[in-house]
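Undergrad: please find the sequence and the predicted model below.
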Amino acid sequence: MASERKSVEVLRQPLDVLRGKNSSVDNSVAHPVELIQEQHNTNLAEGKMRMLAKIHGVHVPMRMKMDQTILAQQQRFPVPGLKSSFVGLETMLGMDEQIEFEDYLNNPEFSEKQVDIHTEMEKSLKPSIRK
């Protein structure tokens with residue numbers, strides 16, 4: 001009978017149930033309120049466009065959509081240390097009027113590190129000249 005017992009597997013490292021794939025929690029199914037929150041801004045923008053079309057005509061939402069498309073395409077020259085901020089688009093959408101948690105919790109992409117633009121451009125445009 002002693003030979004019929006199954007041995008217990010010895011763990012070499014701690015089992016991380018929350019981060020590992022061995023978790024019994026199903027994260028793929030979202031709560032209905034989460035879906036509503038994700039679609040909230042889109043629904044507001046669509047409702048605003050429908051209201052403007054009814055009040056002022058179809059050309060106003062078309063013009064606003066065209067302006068949004070143009071402002072979304074405006075980007076900074078691709079320097080590795082600097083990211084495009086889309087200030088014009090944020091101003092047009094009214095996103096600059098509200099203080100979000102990214103504004104005061106130091107979003108890493110807006111850090112105050114000094115970037116030498118000339119050196120970064122040399123690195124990105126001429127990879128053979130690297131020191």
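TA: Great, that's in hand. Residues are numbered from 1 along each chain as shown.
Undergrad: state the number of residues packed around residue 14.
TA: For residue 14, the neighbour count with other CB atoms under 10 Å is 6. Yep, even glycine has a C-beta here, placed from its N, CA and C like the rest.
Undergrad: show me the helices in the protein, by range?
TA: 32-56, 59-73, 87-93, 101-104, 117-125 (DSSP state H).
Undergrad: residue 6: which of the ones you listed is closest?
TA: Nearest to residue 6 among the helices of the chain is helix 32-56; the distance by CB to CB comes to 41.9 Å.
Undergrad: quick one: list the elements packing against the closest one.
TA: helix 59-73 (3 or more CB pairs under 8 Å, 6 or more residues apart in numbering; DSSP states H and E).
Undergrad: export the helix it packs on to PDB, keeping only CA atoms.
TA: The C-alpha trace of helix 59-73 is given here as PDB (Å, rounded to 0.1, in the frame of the first residue of the first chain):
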ATOM      1  CA  HIS A  59     -22.000  70.300 -41.700                       C
ATOM      2  CA  VAL A  60     -21.100  71.200 -38.100                       C
ATOM      3  CA  PRO A  61     -20.400  67.600 -36.900                       C
ATOM      4  CA  MET A  62     -18.600  66.900 -40.200                       C
ATOM      5  CA  ARG A  63     -16.400  70.000 -39.700                       C
ATOM      6  CA  MET A  64     -15.700  69.000 -36.000                       C
ATOM      7  CA  LYS A  65     -14.800  65.400 -37.100                       C
ATOM      8  CA  MET A  66     -12.500  66.800 -39.800                       C
ATOM      9  CA  ASP A  67     -10.800  69.100 -37.200                       C
ATOM     10  CA  GLN A  68     -10.400  66.200 -34.800                       C
ATOM     11  CA  THR A  69      -8.800  64.100 -37.500                       C
ATOM     12  CA  ILE A  70      -6.300  66.900 -38.500                       C
ATOM     13  CA  LEU A  71      -5.400  67.500 -34.800                       C
ATOM     14  CA  ALA A  72      -4.900  63.800 -34.200                       C
ATOM     15  CA  GLN A  73      -2.400  63.600 -37.000                       C
END
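Undergrad: so for that helix, what gets flagged as buried?
TA: 61, 64, 71 (16 or more other CB atoms under 10 Å).
Undergrad: having no further points to raise, I will conclude here.
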